[in-house]
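Participant: Give the three-dimensional model of this entry:
(one chain, ligands or ions: 1)
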Amino acid sequence: MLKQVQHDNERVSQMKVALTIAGSDPTGGAGFQADLRTFRALGVYGLSIPSVLTAQNTVGVSAIQEIPYDFFTAQIDTLLKDITPEALKTGMLYSSGIVKVIAEKIREYSLRNLVIDPVTVSSTGVLLVQEGALDAIKNILFPHAKVITPNIYEASVLTGLKVEDESGMKEASVRLRDYGVETVIITGGHMKGDALDLLFDGKDFYSIENERLEGEFHGSGCVFSSVITACLALGYDVKEAFIKAKELVWNAMKSAASIGGGMKVLNF
Ligand code: PXL
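Facilitator: Below is the predicted model of the structure:
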């Protein structure tokens with residue numbers, strides 16, 4: 001009996017842990033629910049702190065309610081005094097105030113392997129950030145980032161460039177890296193032509209291209225950045241994580257499911 005307990009403890013201590021700080025999406029297609037599912041799919045134990053709640057279905061978002069800052073801070077302190085994740089990601093951050101709390105806590109708890117998905121609008125077209133939040137993410141949070149994963153629309157808003165093709169992606173990734181980011185990955189799923197994603201590590205560009213899949217998909221950005229986060233927790237390097245994320249998301253989009261009357265959710 002005692003032997004069994006010792007064995008179990010050993011197994012638990014080897015388990016890699018990742019944290020998501022993100023919005024709640026009741027459909028589970030996006031938000032921290034999708035992040036947790038992704039961590040699990042990669043064998044990583046998931047922690048989650050909601051930053052904001054949304055009322056939504058596969059058709060759209062009808063209401064947004066941010067978590068009060070003092071309660072948000074209590075969630076972080078209580079969790080991180082006890083557990084240190086190997087990697088973490090941020091998703092929907094509604095206000096500059098919440099961004100400031102996260103930046104402070106990243107310093108306080110010396111958190112490593114931060115992946116930032118600078119969520120801006122929902123796949124159904126609803127604005128998911130208040131004024132000033134994206135500037136705060138760029139100026140306060142980006143300097144802590146190992147990886148950021150904007151799509152071309154977010155890269156455009158963040159840089160003021162019109163990012164529409166590979167050369168635009170390259171220019172935007174160079175500019176975004178100057179905010180203190182280690183690696184920039186811009187996803188081109190919304191581009192015309194084939195779906196090209198681009199990685200820039202400050203030295204070289206790496207791209208992966210896939211055939212475009214027809215249809216509207218919900219949560220692909222959340223799942224993509226969560227695969228990267230889980231892979232960092234597992235000790236992969238960023239380029240390996242990039243390949244894995246592209247592969248998992250593309251396969252899950254290929255078999256996407258209609259669970260409601262609106263957008264399809266990824267199937268994995
Ligand atoms: O896909 C972006 C996204 C992120 N986080 C939450 C969302 C959405 C899109 O709807 O609801 C909580």
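Participant: going forward, measure contacts and count neighbours with C-alpha atoms only.
Facilitator: OK.
Participant: give me the number of residues near Asp35?
Facilitator: Neighbour count for Asp35, taken as other C-alpha atoms under 10 Å: 33.
Participant: do Arg107 as well
Facilitator: Residues near Arg107, counting by other C-alpha under 10 Å, number 11.
Participant: Now do the helix or strand hosting it: everything it contacts.
Facilitator: Under the criterion of DSSP states H and E, Arg107 resides in helix 96-108. For helix 96-108, contacts defined as C-alpha atoms under 8 Å, 6 or more residues apart in numbering pick out 51, 69, 73, 76, 93, 130, 132-137, 140-141, 144.
Participant: Which one (most neighbours) among the residues you listed?
Facilitator: Highest count within the contacts of helix 96-108 by other C-alpha under 10 Å belongs to Ser51, 30 neighbours.
Participant: How about the contacts made by it?
Facilitator: Neighbouring residues of Ser51 by C-alpha under 8 Å, 6+ apart: 21-24, 66-67, 72, 92-94, 98.
Participant: just curious, which of the contacts of helix 96-108 is nearest to Ala34?
Facilitator: Ser51 (14.6 Å; C-alpha to C-alpha).
Participant: isn't there a strand covering the closest one?
Facilitator: Yes. Per DSSP: H, G, I helix; E, B strand; the rest coil, Ser51 lies within a strand segment.
Participant: what mean pLDDT does the helix ranked longest in the chain have?
Facilitator: Using DSSP state H, we find that the single longest helix of the chain is helix 238-254. Averaging pLDDT along helix 238-254 gives 97.
Participant: Say whether the ligand is contacted by the helix or strand following it.
Facilitator: Going down the chain from helix 238-254, the next helix or strand is strand 264-265, by DSSP H and E. No. Residues of strand 264-265 contacting the ligand under C-alpha under 6 Å from any ligand atom: none, with a closest distance of 10.6 Å.
Participant: residues touching the closest residue to the ligand within the stretch 101-250 of the chain, list them.
Facilitator: Nearest to the ligand, among the residues of the stretch 101-250 of the chain, is Ser122, at 3.8 Å (C-alpha to the nearest ligand atom). Neighbour list for Ser122: Leu128 [criterion: C-alpha under 8 Å, 6+ apart].
Participant: Local confidence estimate at it?
Facilitator: 85.
Participant: What of Lys138?
Facilitator: We have a pLDDT of 98 for Lys138.
Participant: ok, for it, nearest residue in space, not its chain neighbours?
Facilitator: Closest residue to Lys138 apart from its sequence neighbours, by C-alpha to C-alpha, 6 or more residues apart in numbering: Tyr179 at 6.9 Å.
Participant: Check the spacing between Ala136 and Ile21 real quick.
Facilitator: If you measure Ala136 against Ile21 using C-alpha to C-alpha, to the nearest Å, the figure is 16 Å.
Participant: circling back: only C-alpha atoms, please: export the longest helix of the chain in CSV.
Facilitator: C-alpha atoms of helix 238-254 as CSV (Å, rounded to 0.1, in the frame of the first residue of the first chain):
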residue,chain,number,x,y,z
VAL,A,238,9.3,27.0,-29.9
LYS,A,239,9.8,25.8,-33.5
GLU,A,240,8.7,22.3,-32.5
ALA,A,241,5.8,23.7,-30.7
PHE,A,242,4.9,25.7,-33.8
ILE,A,243,4.8,22.6,-36.0
LYS,A,244,2.7,20.7,-33.4
ALA,A,245,0.2,23.6,-33.1
LYS,A,246,-0.3,24.0,-36.8
GLU,A,247,-0.8,20.2,-37.2
LEU,A,248,-3.2,19.8,-34.3
VAL,A,249,-5.3,22.8,-35.2
TRP,A,250,-5.5,22.0,-38.9
ASN,A,251,-6.6,18.4,-38.2
ALA,A,252,-9.1,19.5,-35.6
MET,A,253,-10.5,22.1,-38.1
LYS,A,254,-10.8,19.4,-40.8
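Participant: Much appreciated, bye for now.
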